[in-house]
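# attaching a predicted model along with its sequence, questions to come.
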Amino acid sequence: MKLKKVYDTEAEIPEEAAAFYEERDGKWHLTLEIEGSASQDDVTRLNGALTKERNDHRATREKLRAFGDLDPERTRQVMDRIGDLGEWDEVERKLHRLDGDGSTPKEEAAIQARIDAEVQRRERAIKAPLERQITQLTEARAEIERERDEARGTLRGRTIADALREAAGKAKIIPSAVEDVLLAGERVFDLDEQGRVVTKDNVGVAPGLTPDAWLTDLQEKRPHWWPASEGAGSRGNRGGGTLPNNPFTAEAWNVTEQGRIAAADFAKADRLAKAAGTTVGGPKPAPRNRAA
């Protein structure tokens, strides 16, 4: 299944991908952005999984159509009460023969037991095929839902990984540390309702951080992810060592990130602001002269 970036109407969007579109300017736009690092094989496998899910779903729907509006639980209850008409006629004849023929209570009980056993046998024979079919349909539905969840998980993981790789490139992470970034980020990031990659709740970091802000927060804790000259103030440059992507510097000035960091950890925001030559809520500093 191939997805378009833009659909004219909501009805044109494949059912399985509807959650990934939003309406803008009267048309429906894909909210997920797959970076170029995704291989064609990954995309092909994902499309194949989504196509199989849709085909299996269609096949199951065709099977269920034969039952119309029947409710499985209600059908089971009805089948419990079904009896063969000839069977009940035979029961009635036997009971009539018992009247006035001098049968003892023990003989009557034995006849009634045989009748009950035959009724139960016939009921099981009628219900068994239907119960097997219900079980098969239930298992088929569970399998379709499992494959759907796997396909969604693959797309989610790819989106998060691409966002982390992009942020690592912007932050100048050394190539050998990129895999560490992906492993650490996999635990703390998720997609929000708008499809954006942000940190989750209750994972040890402030919720709602973008990958860029998250890496800025980690630069003091994981300096080995950066080249020595890009660390949190290199040992030979105590006076001018500011963090790359520090949103308080003139080069990376970002009021939104400043507010996010201050809300999560004001002391850290204050340190970053002072390192950049300003204060929290203060004016934008002058660009630093690296050659000086």
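All right, it came through fine.

# would you state the helices of the chain in chain order?
Along the chain, the stretches classed as helices by DSSP state H are 40-65, 72-81, 85-98, 105-170, 178-188, 211-218, 255-264, 266-276.

# so the last one versus helix 255-264, what angle?
Counting by axes from the mean of the first three to the mean of the last three CA atoms, to 10 degrees, helix 266-276 points 140 degrees away from the direction of helix 255-264.

# who are the packing partners of helix 266-276?
Secondary-structure packing of helix 266-276 (3 or more CB pairs under 8 Å, 6 or more residues apart in numbering; DSSP states H and E): helix 255-264. Placement of C-beta: from N, CA and C, glycine included.

# same question, the first one
For helix 40-65, the elements it packs on are helix 105-170, judged by 3+ CB pairs under 8 Å, 6+ apart.

# what about the helix it packs on, average pLDDT?
The average pLDDT within helix 105-170 is 86.

# what number of residues lie near residue 30?
Around residue 30 there are 17 other residues, counting by other CB atoms under 10 Å.

# quick check: closest non-adjacent residue to it.
Using CB to CB, 6 or more residues apart in numbering and skipping residues adjacent in sequence, the residue nearest residue 30 is residue 5, 4.9 Å away.

# about what we covered before: make TSV out of the helices of the chain and add mean neighbour count and distance to residue 246.
What follows is the helices of the chain, written out as TSV (neighbours: other CB atoms under 10 Å; distance: least, CB to CB, whole Å):
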stretch	mean neighbour count	distance to residue 246
helix 40-65	14	34
helix 72-81	12	61
helix 85-98	12	86
helix 105-170	14	13
helix 178-188	15	18
helix 211-218	22	7
helix 255-264	17	9
helix 266-276	17	5
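
# let me have those in TSV, adding distance to residue 17 as columns.
Shown next, in TSV, are those (distance: least, CB to CB, whole Å):
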stretch	distance to residue 17
helix 40-65	7
helix 72-81	30
helix 85-98	53
helix 105-170	9
helix 178-188	23
helix 211-218	24
helix 255-264	30
helix 266-276	39
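
# the ones you listed: which one's closest to residue 15?
helix 40-65 (7.4 Å; CB to CB).

# and the closest one, how far from the chain's centre?
Relative to its chain's centre, helix 40-65 lies at 17 Å (CA atoms, centre = their mean, to the nearest Å).

# measure residue 148 to residue 2 for me?
Using CB to CB, to the nearest Å, residue 148 is found at 18 Å from residue 2.

# which pLDDT value does the model give the residue lying closest to residue 227 once chain neighbours are set aside?
Residue nearest to residue 227 in three dimensions, not counting chain neighbours: residue 174, with 5.9 Å by CB to CB, 6+ apart. Note on residue 174: pLDDT of 90.

# perfect, I'm done here.
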